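> With the sequence up front, the predicted model follows.
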There are 2 protein chains.
Amino acid sequence: MSPLIQSFVLHFGEMGSRWGINRTVGQIYALLYVSEKPLNADEIAEELAFSRSNVSIGLKELQAWRLVKLQHFPGDRREYFSTPEDVWAIFRLLAEERQKREVEPTLTMLRGALMESPANAAERHAQARMQAMYDLIELITSWFAEIQKLDAETLQRLMKLGSRVQKLLQITQSLARFTHRDGGDKEAKAESRAARPDEDDPGAGGSEGGAR
Amino acid sequence: MSPLIQSFVLHFGEMGSRWGINRTVGQIYALLYVSEKPLNADEIAEELAFSRSNVSIGLKELQAWRLVKLQHFPGDRREYFSTPEDVWAIFRLLAEERQKREVEPTLTMLRGALMESPANAAERHAQARMQAMYDLIELITSWFAEIQKLDAETLQRLMKLGSRVQKLLQITQSLARFTHRDGGDKEAKAESRAARPDEDDPGAGGSEGGAR
DNA sequence: TCAAATTTTCAAAGTTTTTTGAAATTTGAA
DNA sequence: TTCAAATTTCAAAAAACTTTGAAAATTTGA
């Protein structure tokens, strides 16, 4: 393998472990990502010097993440693997899977905890903290959901604009402008909560969060 | 420990391993997050039934992530730990650290690979793929940098609005409207760029904005 | 300074995860 | 259906990571 490709593959092997995936999976993915053509399991095992069975397991995991496509060639019974070419589509897939595997279970746990009635001050405080976490996760999740709706075409445009921060400032500004439109509204809440956690406790009840 | 808090703590222990942190670290963080008052290492060790030394290591790691604050109380020599209360600040910290530990090294690796001149078709293709990845990461990074600039106050407003998706649609729309404003612009870029990494490269210069 | 209190380090034990080779299963074509 | 190619499973070996207890180092107040 050329050093150029190798450094890419090795980097993903390492990085993989910072995320939930292991070296094998990371390397397989990286190899497929830069490969000109789909590869079969034997080719992958040979390129990366992993055992055939290890590759099999790795490919299964990548399929579970929906990160690889499977295809066949006429007159060849082996399975060939490749990655979607559209990097934006890949990003969306990743975000979706992580949402499903990490965010949803966390929200479920939090909802459960927030339904209990607090038995004492410690629990009341814990619930207030959990509520704050719940609200933030919900907010960020909904941003993501919106961003994910951007189609490839819009993305192209954004990319062509370049990633210079200046331009993006405008987006933020419209965002800020939008929020300012929100008229007065019971104010005190947020402030006091942070400073004196025990005392005013919005606790279980309020929960506005749109919980499904 | 009350079951309410326990389920939260245990969940973070498990989830931690999906991210790069281990059970101990996850649980310590969760415990501090919901705790009414700062805790010292012995209290943490006792609550979680971990050895004192394990807790010491865990706290060090949390400090490296800047996720815990250290403080002292008069007349007590022990160190007490707590988490920042502002969940948005916590999110920003996390994003910054991950940027530093994961995104930057990846961008550096990619820049390196993109500077090489491709030796053959396979390398040429690999570089085009890497360029696509580079551009996407840069784009997403710059969004994050912008979002991170939102101050707590704006956030409060956003949260008060509720996380209903409908409202956010408007943000997306202004975003889309904004991109439409972009006139035509040299096209070929992506495929050929590999050869001339210097040219418009936003990398090193402006874009990193937000971090530290 | 000392010594008590506290935190940190570190080698070893324990645990979990990854990787493998061999065997079992599945698959598609004849 | 059978056969051989291809894939998957699985138990065991290897590697990586976590956790611990004991000892060392540091800090503080007298």
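Perfect, thanks for sending it. No experiment lies behind these values; they were computed from the predicted model shown.

> angle of the longest helix anywhere in chain A against helix B:121-149?
Taking DSSP state H as the assignment, the helix of chain A that covers the most residues is helix A:121-149. Per axes from the mean of the first three to the mean of the last three Cα atoms, to 10 degrees, the angle that helix A:121-149 makes with helix B:121-149 is 130 degrees.

> same question for helix A:121-149, mean pLDDT?
Across helix A:121-149, pLDDT averages out at 90.

> Tell me the buried residues in that helix?
Within helix A:121-149, the residues that qualify as buried are A:122-139, A:141-147, counting by 16 or more other Cβ atoms under 10 Å in any protein chain shown. (Each C-beta comes from the backbone N, C-alpha and C, glycine too.)

> now, which of those residues lie close to chain B?
A:122-123, A:125-127, A:129-130, A:132-133, A:135-136, A:138-139, A:141-143, A:145-147 (Cβ under 8 Å from any Cβ of the partner chain).

> Of those residues, which are in range of DNA strand D?
Residues of these in contact with DNA strand D (Cβ under 7 Å from any atom of the strand): none.

> got the residues of chain A near DNA strand D?
Residues of chain A lying near DNA strand D (Cβ under 7 Å from any atom of the strand): A:17, A:40-42, A:52-53, A:56-57, A:59-60, A:76-79.

> Grab the nearest non-local neighbour of A:Asn32.
Careful, residue A:32 is Leu; it's not Asn. A:Thr83 (4.9 Å; Cβ to Cβ, 6 or more residues apart in numbering or on different chains).

> What distance do you get for that neighbour to B:Ala126?
13 Å (Cβ to Cβ, to the nearest Å).

> The residue nearest to A:Leu32 and A:Leu67 touch, don't they?
Yes - the pair A:Thr83 / A:Leu67 is scored as a contact, 6.5 Å apart, by Cβ atoms under 8 Å.

> Same question for A:Arg77, what's its three-state structure.
Here A:Arg77 is strand, with the state taken from DSSP: H, G, I helix; E, B strand; the rest coil.

> for A:Gly20, that is, sorry about that
Criterion first, three-state DSSP; result for A:Gly20: coil.

> ok, and the closest non-adjacent residue to it?
B:Arg18 (4.5 Å).

> What is the neighbour count of the one you found?
15 (other Cβ atoms under 10 Å in any protein chain shown).

> and if you look at A:Asp42?
For A:Asp42, using other Cβ under 10 Å, the count is 11.

> Please give the element, helix or strand, for it.
helix A:41-48 (DSSP states H and E).

> that older thread, out of the residues of chain A next to DNA strand D, which is most surrounded?
Ranking these using other Cβ under 10 Å puts A:Leu59 first, with 22 neighbours.

> What values do phi and psi take at the spatially closest residue to A:Arg124 that is not a sequence neighbour?
Distance criterion Cβ to Cβ, 6+ apart; nearest residue to A:Arg124, sequence neighbours excluded, is A:Pro118 at 4.1 Å. Phi and psi for A:Pro118, reported as degrees, to the nearest 10, are phi -60, psi 140.

> where do the contact lists of A:Thr83 and A:Leu67 overlap?
The contact sets of A:Thr83 and A:Leu67 overlap at A:29, A:90 (Cβ atoms under 8 Å, 6 or more residues apart in numbering or on different chains).

> Now do stretch A:82-102: distance from first to last residue.
End-to-end distance for stretch A:82-102, by Cα to Cα, to the nearest Å: 26 Å.

> List the buried residues for that stretch?
A:82-83, A:87-88, A:90-93, A:95, A:98.

> Need those residues in a markdown table (columns: distance to A:Ser35 and secondary structure).
What follows is the buried residues of stretch A:82-102, written out as a markdown table (distance: Cβ to Cβ, whole Å; DSSP: H, G, I helix; E, B strand; the rest coil):
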| residue | distance to A:Ser35 | secondary structure |
| --- | --- | --- |
| A:Ser82 | 7 | strand |
| A:Thr83 | 8 | coil |
| A:Val87 | 15 | helix |
| A:Trp88 | 19 | helix |
| A:Ile90 | 14 | helix |
| A:Phe91 | 19 | helix |
| A:Arg92 | 21 | helix |
| A:Leu93 | 18 | helix |
| A:Ala95 | 24 | helix |
| A:Arg98 | 25 | helix |
